[in-house]
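1. model this:
(one chain, ligands or ions: 1)
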Amino acid sequence: MQRDHGAGTATLDQRGLPTNECLACGSNVFTIRAVFEDYEIAGYYLDAECAECGSPLTAPCPVDRPD
Ligand SMILES: [Zn+2]
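-> Okay, the predicted model is just below:
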């Protein structure tokens, strides 16, 4: 883990564990790179970052959902 001790908001490296919610700030809005086909999202990269605080994290996908 890595924390930014700058004057702004601290970021927390959360990569490796798929999550629905940023552990640093609680936001569930992520910045991702998505692939579009026929006007719909066909897929997305799991390498993401929190849209609120910029913490790097791993985006969730359905196969990560526990039964
Ligand atoms: Zn965050």
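2. Which residues of the protein lie near the ion?
-> Residues of the chain lying near the ion by Cβ under 5 Å from the ion: 22, 24-25, 27, 50, 52-53, 55. Backbone N, C-alpha and C define where each C-beta goes, glycine included.
3. all strands of the protein, in order?
-> Remark: strands assigned in the chain by DSSP state E are 14-18, 30-31, 34-37, 40-44, 47-50, 56-58.
4. by contact count, what packs against the second one?
-> It refers to strand 30-31. strand 47-50 (3 or more Cβ pairs under 8 Å, 6 or more residues apart in numbering; DSSP states H and E).
5. Any figure for the gap between the closest residue to N20 other than its chain neighbours and the ion?
-> Nearest residue to N20 in three dimensions, chain neighbours excluded: P60, at 5.4 Å (Cβ to Cβ, 6 or more residues apart in numbering). According to Cβ to the ion, to the nearest Å, P60 stands 15 Å off from the ion.
6. Where does pLDDT dip in this structure?
-> Scanning the chain for pLDDT under 70 picks out the ranges 1-9.
7. Compute the first-to-last residue distance for stretch 23-33.
-> Start-to-end span of stretch 23-33 (Cα to Cα, to the nearest Å) is 20 Å.
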